[in-house]
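*Asks:* next input, structure requested:
(one chain, ligands or ions: 4)
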Amino acid sequence: MTGASGASVAGSPLPKWQLALAVAAPVALGLGYMYFKNSKPSSKPSRGKSKNNLKKNGTVSADKQISIDIDSPPKSTTEPETPLEKAQRLKNEGNEQFKIGKYDEAISHYNSAIEACPKENTEALATFYQNRAAAYEQLKKYSSVKADCTKALELNPRYVKALLRRARAMEHCNELESALEDVTAACILENFSNQNAMLMADRVLKQLGRQHATEYLANKKLVMPSKYFIKTYIITFHKDPVFSMLQDIDYSNISPGFGKALQCVKEQKYDDVIPICTEEINSSDPDTLPHKMKVLLLRATFYLLLGQHDASIQDFGTIIDNDSVPEAIKVNALIKRATLFMQLENPDKSFCDFETAAELDPECGDVYHHRGHVNLLMDKIDEAREDFRKAVELNPNFGVAYVQKCYADYRYGTMIRSKEIIEKAMKNFEAAFEKFPDCPECYTLYAQMLTEIQEYQRADTYFAKAIEKDPNNATVYVHRGLLQLQWHGNVEKAIEYINKALEMDDKCEYGYETLGTIEVQRGNVEEAIKLFDKALALGRTSMELSHLFSLRDAAKTRLTIKERLGLDVILNFQNIS
Ligand SMILES: *[C@@H]1O[C@H](CO)[C@@H](O)[C@H](O)[C@H]1NC(C)=O
Ligand SMILES: *[C@@H]1O[C@H](CO)[C@@H](O)[C@H](O)[C@H]1NC(C)=O
Ligand SMILES: *[C@@H]1O[C@H](CO)[C@@H](O)[C@H](O)[C@H]1NC(C)=O
Ligand SMILES: *[C@@H]1O[C@H](CO)[C@@H](O)[C@H](O)[C@H]1NC(C)=O
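*Replies:* Residues are numbered from 1 along each chain as shown. Ligands and ions are numbered 1, 2, ... in the order given. From the prediction side, this is the model:
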């Protein structure tokens, strides 16, 4: 995860995309444990790969694994049956029916078993209810599943199968919060060794996070990102038909309204851009006609930055679907819409737009730079490398693209275990310091790479250099803090850096999020929830918000379970350093 976060493009609208990808169950369960463990290269097999493995193993038997309980004492043939033995026999008959798919018959046997079972044999009774719930599950009678599991859990509160089954039934009924509680309890009881449970926790957390994010976004007051962010965003486009006019605005050639909008961008009065554009777009003055599509593009871009997704998609669509719009405008709209689709977790549509843009203008470096970034974050290293190669070829003076390429090369080298490629990537990095001495990204990405190869001391030096080049980027302090954690397991020092970041920039979402994760790990769950709330107030894209809600929901669930079962997670920093 560190790898990818360092790889984010300056001012990219996708700053936390990789975080969303990285939310594996243990991370999101708020343990923080895997979070730090994963950032330790030695224990990091490559996120994409391990994830796939998990999926493969997990889905094989996800539904069959947690089935009926079949173990029961052998039947004695000579002595008369005790009531418990009778109940066990009835249950076994039920199990036979269950195995051949006769669920209604199985249920009636389980009914008899429950009736026959002495009330003091709580454990056996719990099993019968659990088994009956399994049969109801097969019949998709979820409210009966829930009722029977609840009875089983009243009799045996630490019954993992019943917890998981009730969680699944609740998931079907979209009672995600309760489902999360049960599945988390199961994970804790099994020391996080039950892969099916972990996969389910991951799934429920993501669903819940998404649901909460959607609700939250519907009511959230949208705010523009910081001036600093927008400024950095603007320079990631070299062939932007509107941004390229900013350098030297020629007012004689454009309508006064468009001139005013451009001036606002130039003077960083970003909040005024959308209303001015709207006025211009709605105007029937013939002077506005020649630049209408550019104004629309500008408005769409600012809707995108603001997080007003529907309006942004609509404006981009108007441009893209119009056959008479000049190519440069269309290509730019396609690139930006592609990044927006990515934020909305729709990679297919995103890549489709990138593809169309590349077909329209194969010489536009912006297409490859932005697509390379998306590819890198999705762990498509090969494709990312190729994209950055083209981006550098087309924009040889763009430092960010140049180091992104170095970084992608390095990642590729690690993937195929080629020492040669890794060394070449490092050399190219060093060349970057000569070529682009003032580009902070060069130093952060290099430091990122050094962290991954566990050259912590040098990594720290390069983070320091990045800070020197761009003292206003608080995120780099957070990275440096995380390095302390990986390097020495030094929690205090890590927190010190992160607090510094938050002091500098009280809108540093990544700082709140990281600190929250550390606090969860330290057992300060309530404090962590407060920090996640602060991060949430700053989150913009649905992807970021979903991720943050997952962290928050996981932390909250941990508190609830502690109350309900007296169960808590015991982990310590020894495990991670
Ligand atoms: C701040 O630095 C991080 C790490 O290099 C980078 O990903 C991010 O884009 C930078 N932020 C801005 C607004 O430039
Ligand atoms: C989980 O770990 C605890 C403490 O290490 C141990 O006592 C317990 O038996 C373990 N439970 C399982 C299901 O592995
Ligand atoms: C601009 O035009 C759109 C569509 O015709 C309309 O919905 C909107 O209210 C108008 N806005 C202003 C500020 O006039
Ligand atoms: C399509 O684009 C052309 C050229 O920019 C413009 O004149 C025309 O009004 C646009 N059509 C629509 C339906 O927006």
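*Asks:* relative to Asp321, how far out is the closest residue to ligand 1 within the stretch 101-250 of the chain?
*Replies:* Across the stretch 101-250 of the chain, the shortest distance to ligand 1 (CB to the nearest ligand atom) belongs to Thr232, at 3.8 Å. For glycine as for every other residue, the C-beta is placed from the backbone atoms N, C-alpha and C. Noted for Thr232: a distance of 30 Å to Asp321, by CB to CB, to the nearest Å.
*Asks:* quick check, pLDDT for Leu19.
*Replies:* For Leu19, the pLDDT comes out at 30.
*Asks:* next one: Phe192
*Replies:* pLDDT, Phe192: 81.
*Asks:* get me the contact residues on the stretch 201-350 of the chain for ligand 4.
*Replies:* Selection of the stretch 201-350 of the chain residues close to ligand 4 by CB under 6 Å from any ligand atom yields 293, 318, 322, 324-325.
*Asks:* most neighbours, which of these?
*Replies:* Met293 (22 neighbours; other CB atoms under 10 Å).
*Asks:* quick one: that one and Ile329 touch, right?
*Replies:* Yes - Met293 lies in contact with Ile329 (CB atoms under 8 Å); the separation is 5.3 Å.
*Asks:* hey, what's in contact with both of the two?
*Replies:* Both Met293 and Ile329 are contacted by Ile319, under the criterion CB atoms under 8 Å, 6 or more residues apart in numbering.
*Asks:* output the contacting helices and strands for the helix or strand that contains Thr278.
*Replies:* Using DSSP states H and E, Thr278 sits within helix 273-282. Packing partners of helix 273-282 (3 or more CB pairs under 8 Å, 6 or more residues apart in numbering; DSSP states H and E): helix 256-266, helix 292-306.
*Asks:* again, only using 10 Å
*Replies:* Under the contact criterion of 3 or more CB pairs under 10 Å, 6 or more residues apart in numbering; DSSP states H and E, helix 273-282 touches helix 256-266, helix 292-306, helix 309-320.
*Asks:* reformat those helices as TSV; add distance to Asn92 and mean pLDDT.
*Replies:* As requested, these are exported to TSV (distance: least, CB to CB, whole Å; pLDDT from 0 to 100):
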stretch	distance to Asn92	mean pLDDT
helix 256-266	76	95
helix 292-306	63	96
helix 309-320	57	96
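*Asks:* which residues touch Ile100?
*Replies:* Ile100 sits next to Ala106 when contact means CB atoms under 10 Å, 6 or more residues apart in numbering.
*Asks:* distance check, it against Gly94.
*Replies:* From Ile100 across to Gly94, the span is 11 Å (CB to CB).
*Asks:* between these two, which contacts overlap?
*Replies:* Counting by CB under 10 Å, 6+ apart, the residues touching both Ile100 and Gly94 are Ala106.
*Asks:* quick check on Gly539: phi, psi?
*Replies:* Torsion angles at Gly539 (phi, psi; degrees, to the nearest 10) stand at phi -60, psi 150.
*Asks:* let me see the confidence value for it.
*Replies:* For Gly539, pLDDT reads 86.
*Asks:* residue contacts, it?
*Replies:* Going by CB under 10 Å, 6+ apart, Gly539 touches 16, 213, 216-217, 220, 307, 509, 512-513, 532, 545-549.
*Asks:* again, only using 7 Å
*Replies:* 509, 545, 548 (CB atoms under 7 Å, 6 or more residues apart in numbering).
*Asks:* ranking those by neighbours, who comes first?
*Replies:* That'd be Leu548 among these, by other CB under 10 Å, with 29 neighbours.
*Asks:* pLDDT on stretch 449-456, on average?
*Replies:* The predicted confidence, averaged over stretch 449-456, sits at 91.
*Asks:* got the end-to-end distance for that stretch?
*Replies:* Start and end residues of stretch 449-456 are separated by 10 Å (CA to CA, to the nearest Å).
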